[in-house]
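1. Give the three-dimensional model of this entry:
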Amino acid sequence: MTDRSDLPLRPCVGIVMFNEDGKVFVGKRIGMENAWQMPQGGIDPGETPREAGLRELEEEIGTRAVELIAETADWIDYEFPADLPGKIRENWRGQTQKWLACRFTGIAQDIDLQTEHPEFDAWKWVDAATVVELIVPFKRATYEAVMAELGPVIEDATARRLP
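-> This is a model prediction of the structure:
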């Protein structure tokens, strides 16, 4: 096994998009059975996490119909597993992510997975408490940390909108 400790972490943003009922958006990776995740992607040079988050939402699920509610206080890191396929492992040993909690302000038709470079072939709203169990194992600790910090924010934001 090659030592990868000298490779940097890729700066990324992740988006916990939730609806008026406090349910969280997850998309299923194209061609991967039971590989659900929240939208996320790299931060381009000169972009803020917020700018990257809005761009990633549009690129991955075809919408910017969101209101930013909160972001994680710190960056959350994880390392790629040794058996992860793809080119991303050539340049990065893992990712460092800032996560945003965003309320979805659109309607279902505003979500369009048929983007220029599709990443998901299905999507659904799930209870915040079940998000972590849907995620691929190597990302679960990250998602646990994200939901521990942003889950209460989502609950509060959802409760404040109830009549």
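
2. what about the spatially closest residue to Glu119 that is not a sequence neighbour, distance to His117?
-> Distance criterion CB to CB, 6 or more residues apart in numbering; nearest residue to Glu119, sequence neighbours excluded, is Glu60 at 5.1 Å. The way it works is simple: take the backbone N, C-alpha and C, and place the C-beta from them, glycine included. According to CB to CB, to the nearest Å, Glu60 stands 9 Å off from His117.

3. So what touches the helix of greatest length in the chain?
-> Secondary structure of the chain read by DSSP state H shows that its longest helix is helix 140-161. For helix 140-161, the external contacting residues (CB atoms under 8 Å, 6 or more residues apart in numbering) are 14, 16, 18, 20-22, 24, 38, 69-70, 72-73, 76, 78, 97, 99, 101, 103, 128-129, 131-132, 135.

4. one more time with 7 Å, if that's ok
-> For helix 140-161, the external contacting residues (CB atoms under 7 Å, 6 or more residues apart in numbering) are 14, 16, 18, 20-22, 69-70, 72, 76, 78, 97, 99, 101, 103, 128, 131-132, 135.

5. One more: stretch 127-138?
-> Counting by CB under 7 Å, 6+ apart, 22-24, 26, 35-37, 81, 126, 140, 143-144, 147, 151, 154 sit against stretch 127-138.

6. List only buried entries from these.
-> Buried residues within the contacts of stretch 127-138, counting neighbours by 16 or more other CB atoms under 10 Å: Gly22, Lys23, Val24, Val26, Trp36, Gln37, Tyr143, Met147, Gly151, Ile154.

7. could I get those as JSON lines with distance to Ile107?
-> As requested, the buried ones among the contacts of stretch 127-138 are exported to JSON lines (distance: CB to CB, whole Å):
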{"residue": "Gly22", "distance to Ile107": "17"}
{"residue": "Lys23", "distance to Ile107": "14"}
{"residue": "Val24", "distance to Ile107": "17"}
{"residue": "Val26", "distance to Ile107": "18"}
{"residue": "Trp36", "distance to Ile107": "22"}
{"residue": "Gln37", "distance to Ile107": "23"}
{"residue": "Tyr143", "distance to Ile107": "26"}
{"residue": "Met147", "distance to Ile107": "25"}
{"residue": "Gly151", "distance to Ile107": "24"}
{"residue": "Ile154", "distance to Ile107": "19"}
